[in-house]
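*Asks:* Fold the stuff below for me.
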Amino acid sequence: MSRRNIPYATQWVDDDDVNAVVAALRSERLTQGPKVKEFEDLAAEYCGARYAVAVSSGTAALHIAALAAGFGPGDEVITSPITFAATANSVLYCGARPVFADIDPGTLCLDATKAGGSVNDKTRGIIPVHFAGLPCDMKKVRGLADEKGLIVIEDAAHALGASYESEGRTYKVGGCAHSDMTAFSFHAVKHITTGEGGLVTTNDEDLYKKLLILRTHGITRDESMMENPPDGPWYYEMLDLGFNYRITDFQCALGISQLAKLESFVSRRREIKKAYDDAFGGMAEVIIQEEPGNARSSCHLYVIQFKSIDRYAAFTALQDKGLGVNVHYIPVYRMPYYRRMGYTAIGCPESERYYTRAVSLPMFPRMSDADIEYVIESVKAVVRSGSGSV
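*Replies:* The predicted structure follows:
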């Protein structure tokens, strides 16, 4: 088996995408133009939401969603520790405190039951993370939120194109059927890319208006939202302390072109997942992420856990074979910044166990069948050398 070099992920940009961006660059508006609204409308329609607000990054999407939710000093917001730091950071940005509840060891998503055990009088919200593209149990999350009066923001940075069933109906992630808002990322390695970029969807008109304001310095030109009569056509008002989180028209032109290919991208990711599942699902030394029958992952990541093989040794052996393996993620509470605030691993044994064993394998739609087979054979070779059981 000859050595290959396969990254853990990469974008897929073709001539159609390039031509769309070039056309936008040659248009009259590079930013704050028509492509932004066009992209928002198409994304909202795809997800099944009433509104969408496109921003400069997935982090910006989480931040303005947390601000629109009204999180602030004295509030606590529950989320998963197995996520990128931006999820919890968005809570800190508002002056509120993230609280980490443990993951379900099978799905690797936030355990809603454990999240419920973390609710107290200070709790204002919950941010479930659709880890690796697998939807959380949103019916259970919504039930908890309704019982406790919490706001739900889905972190769907991994989950564009994912869906789940509840009570006989199928819901796309981003439709906000069981949440107040959903945040997406369009970083280069995500399902579709705008280079950098993000989006918030919602069905609540008041939240939508807040999101629009927060994206652009807290400023509006909408007379219906102004506190004073305008004194000329130039007039605008700053209603809140917002941010410059705008996304450009040429980024949105790329997003529009990419969105048309999303289903084919997800379909290929699911083909790769099936090949990996078939190869690794029966291996005694390997644990794979469970996908409940009512959920359809969009397969942003493919994570395996080694039961008894040393993770460091396995990771470096796979690197030596040319695989761009990664680890998603170091639990957020382990970060020095969070440690200095007093966070520890107390209450998150499943997250700790997961972190010591996890490796992310290459997963992106441009992978060839030969690439997939090489990854599978490489993992099997590492397991054979590490345990002698395969």
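*Asks:* Can you list phi and psi of the residue located most distally from the centre of the chain for me?
*Replies:* Distance to the chain centre peaks in the chain at residue 231, reaching 43.2 Å (criterion: CA atoms, centre = their mean). Per-residue torsions, residue 231: phi -100, psi 20 (degrees, to the nearest 10).
*Asks:* what's the distance between it and residue 199?
*Replies:* Distance, residue 231 to residue 199, using CB to CB, to the nearest Å: 35 Å. Heads up, the C-betas are built off the backbone N, CA and C, glycines and all.
*Asks:* OK, contacts around residue 126?
*Replies:* Shown in contact with residue 126 (CB atoms under 8 Å, 6 or more residues apart in numbering): 77-79, 115, 141, 144-145, 150-153.
*Asks:* cool, and residue 6?
*Replies:* 322-324, 362, 367, 371, 374-375.
*Asks:* got it, and residue 262?
*Replies:* 46, 160-161, 191-192.
*Asks:* Out of these, which comes closest to residue 96?
*Replies:* Ranked by distance to residue 96 (CB to CB), the contacts of residue 262 are led by residue 160 at 26.2 Å.
*Asks:* That closest one: how many residues sit nearby?
*Replies:* Using other CB atoms under 10 Å, residue 160 has 28 neighbouring residues.
*Asks:* which regions of the stretch 1-150 of the chain lie under the pLDDT threshold?
*Replies:* The stretch 1-150 of the chain contains residues with pLDDT under 70 at 1.
*Asks:* domain parsing for the protein?
*Replies:* According to automatic domain parsing, the chain comprises the domains 15-259, 262-387.
*Asks:* which regions of the stretch 251-390 of the chain sit below the pLDDT cut-off?
*Replies:* For the stretch 251-390 of the chain, the stretches flagged by pLDDT under 70 are 387-390.
*Asks:* one step back: so can I have a markdown table of the contacts of residue 126 showing distance to residue 330?
*Replies:* Converted to a markdown table, the contacts of residue 126 look like this (distance: CB to CB, whole Å):
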| residue | distance to residue 330 |
| --- | --- |
| 77 | 20 |
| 78 | 19 |
| 79 | 15 |
| 115 | 21 |
| 141 | 24 |
| 144 | 27 |
| 145 | 28 |
| 150 | 27 |
| 151 | 27 |
| 152 | 25 |
| 153 | 22 |
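*Asks:* Can you report how many residues neighbour the nearest residue to residue 325 once chain neighbours are set aside?
*Replies:* Distances taken as CB to CB, 6 or more residues apart in numbering place residue 318 nearest to residue 325, at 4.7 Å, with adjacent residues excluded. By the criterion of other CB under 10 Å, residue 318 has 20 neighbours.
*Asks:* what residue lies at the spatial centre of the chain?
*Replies:* Centre-nearest of the chain using CA atoms, centre = their mean is residue 157, 1.5 Å out.
*Asks:* Can you report phi and psi for it?
*Replies:* Per degrees, to the nearest 10, the backbone of residue 157 is at phi -60, psi -30.
*Asks:* again, but for residue 289
*Replies:* phi -70, psi 130.
*Asks:* got a list of what it touches?
*Replies:* With contact set as CB under 8 Å, 6+ apart, residue 289 has these partners: 106-108, 131-132, 134, 297, 302-303.
*Asks:* 7 Å - rerun?
*Replies:* 107-108, 132, 134, 303 (CB atoms under 7 Å, 6 or more residues apart in numbering).
*Asks:* Ok, residue 163 next?
*Replies:* Applying CB under 7 Å, 6+ apart, one finds that residue 163 lies in contact with 170-173, 296.
*Asks:* Tell me the first helix or strand C-terminal of the helix or strand residue 78 falls within.
*Replies:* Using DSSP states H and E, the element containing residue 78 is strand 76-79. Remark: after strand 76-79, the chain's next helix or strand is helix 85-93, criterion DSSP H and E.
*Asks:* mind checking how far that next one is from the chain centre?
*Replies:* Centroid separation for helix 85-93 versus its chain: 13 Å, with CA atoms, centre = their mean, to the nearest Å.
*Asks:* what do you get for stretch 130-150?
*Replies:* Its chain's average C-alpha position is 15 Å from that of stretch 130-150, according to CA atoms, centre = their mean.
*Asks:* cool, stretch 264-274 as well?
*Replies:* Distance, stretch centre to chain centre, for stretch 264-274: 17 Å (CA atoms, centre = their mean).
*Asks:* what do you get for stretch 341-354?
*Replies:* Distance, centroid of stretch 341-354 to centroid of chain: 21 Å (CA atoms, centre = their mean).
*Asks:* buried sites along that stretch?
*Replies:* Across stretch 341-354, burial judged by 16 or more other CB atoms under 10 Å covers 343, 347-348, 350-351, 354.
*Asks:* Please consider this matter closed, and thank you.
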